[in-house]
Structure formats: C-alpha cells, structure tokens
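K.L.:
Quick one: sequence plus predicted model below, questions after.
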Amino acid sequence: MINLKDGEGWAVTGHHNDVLTYVGPDEPQDQSEIAVGLFGRAKRHRDGTELHVVHVEDKRASANLG
C-alpha cells in the first residue's frame, strides 16, 4: 500500500509493481493498512472477473492480404 503524498487515499500494489489500484478515503470503513490493502485487492479482483466491456475502438489500418 502506498500513501499518496499529493492526494487523498491509497494506491494498493499487487504481484506486479506496475499495476496499482486506487482506494479512496471514503471507501473502506476501517482505514488500517491491512483493511485498505484487502479492500484494494478485492476491488482489483472484481475488475478482472466482472469485466464488462463498454467500448472498443481499433484505429489500426486494415491489412491488405489480397
């Protein structure tokens, strides 16, 4: 868990250092380090398992295979 210097809330890390999950100060009732960490990891898990794609835009040029 990383305390944000210029903002409110926390950034929760996981297995990969480049993936962070923001937890706002109003989200967990218990703001202890363990509670915030577990909340952030649960939030990241929901994002990965309950993903609902809203929009996909592909601006790559189509390949001319003919």
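P.N.:
Thanks, I have the structure now. Numbering: from 1, shown residues only.

K.L.:
Need the pLDDT of the spatially most central residue of the chain.
P.N.:
Nearest to the mean C-alpha position of the chain, by Cα atoms, centre = their mean, lies residue 21 at 3.3 Å. We have a pLDDT of 93 for residue 21.

K.L.:
Does residue 45 lie in a helix or a strand, and which?
P.N.:
helix 33-49 (DSSP states H and E).

K.L.:
ok, now which ones touch the residue nearest to the centre of the chain?
P.N.:
11-12, 14, 40-41, 43-44, 47 (Cβ atoms under 8 Å, 6 or more residues apart in numbering). Bear in mind the C-beta positions are built from the backbone N, C-alpha and C, glycine included.

K.L.:
change it to 7 Å
P.N.:
Going by Cβ atoms under 7 Å, 6 or more residues apart in numbering, residue 21 touches 12, 40, 43-44.

K.L.:
Equivalent analysis for residue 41, please.
P.N.:
Residue 41 is in contact with 12, 14, counting by Cβ under 7 Å, 6+ apart.
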